[in-house]
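Q: build me a model:
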Amino acid sequence: MSSKALAERAEDAPPRRGRRKEARPGELLDAALDLFVEKGFAATRSEEVAARAGVSKGTLFLYFPSKEELFKAVVRENISGRFAEWNEEFESFEGSTAEMVRYCLNVWWERIGATRASGITKLIISEARNFPDIAAFYHQEVIQPGMQLVRRILLRGVDRGEFRAVDIEYTIFSVIAPMIFLIMNKHALGACIPQDYPMDPQRYVNAQVEILLHGLCVPEKKA
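A: Next up is the predicted model:
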């Protein structure tokens with residue numbers, strides 16, 4: 001038997017006593033998330049993910065047959081899989097729509113923006129044009145459901161007479177864009193901000209909510 005065949009048999013053999021057990025899918029996804037955020041999609045290699053998870057490349061491919069499928073699984077695990085939960089919260093929310101907007105942005109920051117998963121957004125912005133298939137996947141799994149949820153929130157406010165009859169389709173961007181900036185500041189732009197002026201995410205989110213809900217103009221006094 002050749003040395004290559006022996007090596008392959010060794011890789012596929014059950015782990016010896018005292019060695020780490022083969023990683024489960026969750027551990028592989030965790031390692032992949034770290035590397036995608038650190039290095040980007042193009043620069044991350046499947047063997048690096050396997051090595052960080054402590055398994056063979058063959059084991060990785062048993063669960064995820066390609067790097068593209070691995071990336072899709074990371075997105076579903078960390079972002080798009082949460083939309084069912086968020087829509088359920090929308091249905092059961094009992095406060096005003098203004099309170100819902102405030103809750104939505106703060107919870108999004110806590111569950112996504114402040115976590116490693118926020119780096120996926122920066123990756124997509126940086127590399128989407130070079131990988132149209134993953135860009136299309138991200139649009140379908142994250143962008144469309146996200147816009148639909150924001151649309152439902154805004155329509156709720158208009159239907160209840162709490163918000164003005166604004167251009168809903170473009171107001172969606174006014175809700176989403178500030179949060180994209182916060183992510184980019186965390187993962188890229190932060191290096192350009194003076195050290196004596198650090199970005200406080202909570203203050204930033206609160207300020208954006210106030211502008212969204214009240215604008216900058218002082219209401220005109222009635223005669």
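
Q: so after the helix or strand bottoming out on mean pLDDT in the chain, what's the next helix or strand?
A: Across the helices and strands of the chain, mean confidence by mean pLDDT, DSSP states H and E is lowest for helix 3-12: a mean of 41. Sequence order places helix 25-39 as the next helix or strand after helix 3-12, per DSSP states H and E.

Q: pull out the buried residues from the helix or strand following that following helix.
A: Downstream of helix 25-39, the first helix or strand assigned by DSSP H and E is helix 46-53. Of the residues in helix 46-53, 46, 48, 49, 50, 52, 53 count as buried by neighbour count, 16 or more other Cβ atoms under 10 Å. Any C-beta I mention is one placed from the backbone N, CA and C, and that applies to glycine too.

Q: centre of the chain to the helix or strand following helix 46-53, how far?
A: Next in sequence after helix 46-53, counting helices and strands by DSSP H and E, comes helix 57-63. Relative to its chain's centre, helix 57-63 lies at 25 Å (Cα atoms, centre = their mean, to the nearest Å).

Q: could you pull up the mean pLDDT of stretch 134-152?
A: For stretch 134-152, mean pLDDT is 96.

Q: do the same with stretch 68-82
A: 95.

Q: send me it as CSV with only the CA atoms.
A: Backbone C-alpha positions of stretch 68-82 (Å, rounded to 0.1, in the frame of the first residue of the first chain) are rendered in CSV as follows:
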residue,chain,number,x,y,z
GLU,A,68,-20.0,27.9,-0.9
GLU,A,69,-22.3,25.5,0.9
LEU,A,70,-20.2,26.0,4.1
PHE,A,71,-20.7,29.8,3.8
LYS,A,72,-24.4,29.4,3.2
ALA,A,73,-24.7,27.3,6.3
VAL,A,74,-22.8,29.9,8.3
VAL,A,75,-25.3,32.6,7.2
ARG,A,76,-28.3,30.5,8.0
GLU,A,77,-26.9,29.5,11.4
ASN,A,78,-26.0,33.1,12.4
ILE,A,79,-28.4,35.4,10.6
SER,A,80,-31.2,34.2,8.3
GLY,A,81,-32.3,31.5,10.7
ARG,A,82,-33.3,34.2,13.1
